[in-house]
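Here you go, sequence then predicted model.
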Amino acid sequence: MTVSTDKFDADPDGERDRSREVNSLCNLAQQLLSQVGSLQQAMNQDAAEISPPASVQAQIVRLQRDFQRIVSDLDDADIDPAIEQRLRPCQTEAHRWLRLLGVNAMRLRTAKQPERIDQERSQLAHQLTQLHPFIQAIANELCSER
């Protein structure tokens, strides 16, 4: 990948650009991991403290958007092919869990009966628990390259 010099001050071997790309991706992955953790905590709160369904849905949409940004930036970044290969399964699984979270967030938003709301929240909590290790693995992989 060629990086234009108007974006970065390129050095001859491109190591500084690569380092900036990796640092940026690491930071994005850590932020995403933090967002997942915050949403997990929100799903496990007492009924009196629970976030409104619209807020939960907005947070999940943000998770999806931020994950897509990481994937897009990874595609454009000059990352070691071995790392890309290790990240691919994590990306696939994270994408799958994020899609399921989106579906359940919509179901939560439309749920009217307390039992259904509890069921959807429980499902969201489970899906976030399943998503977390994949985002953690992505963050670990990217941040180990700093």
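Alright, I've got the coordinates. Please read all numbers here as calculations on a predicted model, not as lab measurements.

Name the residues of stretch 108-115 that come out as buried.
Across stretch 108-115, burial judged by 16 or more other C-beta atoms under 10 Å covers 108-109, 111. C-beta: built from backbone N, CA, C; applies to glycine.

now do stretch 16-26
For stretch 16-26, the neighbour count (16+ other C-beta under 10 Å) marks 17-18, 21-22, 25-26 as buried.

from those residues, which is closest to residue 41?
The closest of those to residue 41 turns out to be residue 26 (C-beta to C-beta; 22.9 Å).

element containing that closest one?
Using DSSP states H and E, residue 26 sits in helix 15-43.

go on, residue 137?
According to DSSP H and E, residue 137 maps onto helix 114-143.

Check residue 83 too.
Using DSSP H and E, residue 83 sits within helix 81-110.

do the same with residue 145
Using DSSP H and E, residue 145 sits within no helix or strand.

Skip the chain neighbours and tell me the closest residue to it.
Computed as C-beta to C-beta, 6 or more residues apart in numbering, the closest residue to residue 145 that is not its neighbour in sequence is residue 22, at 4.8 Å.

circling back to that earlier point, mind checking the pLDDT average for the helix holding residue 83?
In this model, helix 81-110 carries a mean pLDDT of 95.

in it, what's buried?
83, 87, 90-91, 93-95, 97-98, 100-102, 104-105, 107-109.

Same question for stretch 135-146.
For stretch 135-146, the buried set under the neighbour-count rule, 16+ other C-beta under 10 Å, comprises 135-143, 145.

now swap in stretch 123-130 and tell me
Buried, per 16+ other C-beta under 10 Å, within stretch 123-130: 123-125, 127-128.

and that stretch, how far out from the chain's middle?
Chain-centre distance of stretch 123-130: 14 Å, with C-alpha atoms, centre = their mean, to the nearest Å.

With stretch 130-137 instead?
8 Å.

List the contacts of it.
29, 32-33, 36-37, 40, 67, 90-91, 93-94, 97-98, 101 (C-beta atoms under 8 Å, 6 or more residues apart in numbering).

All set now, cheers.
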